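S.K.: Quick check, what structure comes out for this input:
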Amino acid sequence: MTALVTLADIRAAQQRIAGVAVRTPLLPAPWAPGDGELYVKPEMLQPIGAFKIRGAYNKIALLSPEERARGLVASSSGNHAQAVAYAARMFGAKATIVIPDTAPPHKVEATTSLGADVVLVPPAERDVVPVRLVEERGFVLVPPFDDPAIIAGQGTIGAEIGDDVPDVDLVLVPVSGGGLISGIATAVKVLCPDARVVGVEPELAGDAAESLRAGRRTAWTPEQTHRTIADGLRTVSVGVAPWEHIRTYVDDIITVSEDQIRAAMRVLVVQGRLVTEPSGAATTAAYLYARDRLPEARVTVAVASGGNVDPALLADVLVGS
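M.R.: All right, here's what the predicted structure looks like:
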């Protein structure tokens, strides 16, 4: 069994990323209906526009200078790519990022602008090519989610939530490879033992929800998961280490529709003044449109994981309102 990350690991990560990652506030959402209180955790305020900087910097900071000198490699649909490129540049390391050729062009451009070499591949080769580059060129792999240092870095969000709202009843977290919800759930369950942690996925990429109900990791095909507008949630299966955390700490995982994600994006922009990519809007979609499938809660936190939305898509979503 994979060893679980601890709150001590997450607190240590907090110290490492201080001054690099933003300690994001909890923004009240008075526009949300119902009697309870909703707070949005706006991770689009990070320097690369998404939460991924937390885990990537923590992982790279833990490498030795000799390991960083070998060069770093990662696979990502965009946000982890930018996080690794950004952190690598801070350490003076070279980064090579393998990105699916279906990723939004603006995320690819943002990654190259940070100094990384980008290799575009078909979605099915996303996780194969980095391993080959490790073998052929000696690069050090910086995984997007299946790594304890990554999980601990992402868990700093949960530690901030627990410190800021110790009376939180429900924390909603987007789920893709599972690193984010693993770290958040670990911290929240220690700091706020009575709180529920619920993951949110698109219906068109619901592998984690299916896994939790089946009691084992299940995988979807890239052709299935790439149907969703939420490009950051298209991973075909949760990771090995995240799965152990999910089945230990996560109370439930639900899915939301494409229309609900689009509608939540509009609400976040127009009423919340928050530019949120589809992946980051999934949790608000669950709160607004799937309350009947969520535990009762007086205080809810919805993690908005990032804001790196394609401008054309954002325009389409807003005009479609």
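
S.K.: Mind jotting down where the helices sit in the stretch 201-321 of the chain?
M.R.: Assigned by DSSP state H, counting those that start in this stretch, the helices in the stretch 201-321 of the chain fall at 207-214, 222-225, 240-249, 258-270, 278-289, 311-319.

S.K.: Output those in JSON lines; the columns should cover mean pLDDT.
M.R.: Formatted as JSON lines, these follow (pLDDT from 0 to 100):
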{"stretch": "helix 207-214", "mean pLDDT": "96"}
{"stretch": "helix 222-225", "mean pLDDT": "90"}
{"stretch": "helix 240-249", "mean pLDDT": "97"}
{"stretch": "helix 258-270", "mean pLDDT": "97"}
{"stretch": "helix 278-289", "mean pLDDT": "98"}
{"stretch": "helix 311-319", "mean pLDDT": "93"}
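
S.K.: Ranking those helices by mean neighbour count, which comes first?
M.R.: Most buried of the helices of the stretch 201-321 of the chain, by mean neighbour count (mean count of other C-beta atoms under 10 Å): helix 278-289, with a mean of 28. For the C-beta atoms, the positions are set from N, CA and C on the backbone; glycine is no exception.

S.K.: still on that earlier bit, which among the helices of the stretch 201-321 of the chain is found nearest to Asp127?
M.R.: Counting by C-beta to C-beta, Asp127 lies closest to helix 222-225 out of the helices of the stretch 201-321 of the chain; the figure is 10.0 Å.

S.K.: send the alpha carbons of that closest one over as CSV?
M.R.: Taking Å, rounded to 0.1, in the frame of the first residue of the first chain, the C-alpha atoms of helix 222-225 are listed here in CSV:
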residue,chain,number,x,y,z
PRO,A,222,-8.7,9.6,-24.1
GLU,A,223,-11.4,9.6,-26.7
GLN,A,224,-14.0,9.5,-23.9
THR,A,225,-12.4,12.1,-21.6
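
S.K.: Identify the residues contacting that helix?
M.R.: For helix 222-225, the surrounding residues in contact (C-beta atoms under 8 Å, 6 or more residues apart in numbering) are 100, 123-124, 126, 204-205, 207, 233-236.

S.K.: quick one, what contacts the nearest residue to Asp169 once chain neighbours are set aside?
M.R.: Leaving aside its chain neighbours, Asp169 sits nearest to Ala297 (3.7 Å; criterion: C-beta to C-beta, 6 or more residues apart in numbering). Residues counted as contacts of Ala297 (C-beta under 8 Å, 6+ apart) are 36, 169-170, 196.

S.K.: okay, these in JSON lines with pLDDT and distance to Ala87 next?
M.R.: Listed next are the contacts of Ala297 as JSON lines, based on pLDDT from 0 to 100; distance: C-beta to C-beta, whole Å:
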{"residue": "Gly36", "pLDDT": "94", "distance to Ala87": "37"}
{"residue": "Asp169", "pLDDT": "98", "distance to Ala87": "34"}
{"residue": "Leu170", "pLDDT": "98", "distance to Ala87": "31"}
{"residue": "Arg196", "pLDDT": "98", "distance to Ala87": "32"}
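
S.K.: Format those as CSV; extra columns: distance to Pro25, neighbour count and secondary structure.
M.R.: Listed next are the contacts of Ala297 as CSV, based on distance: C-beta to C-beta, whole Å; neighbours: other C-beta atoms under 10 Å; DSSP: H, G, I helix; E, B strand; the rest coil:
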residue, distance to Pro25, neighbour count, secondary structure
Gly36, 19, 15, coil
Asp169, 19, 18, coil
Leu170, 19, 22, strand
Arg196, 22, 21, strand
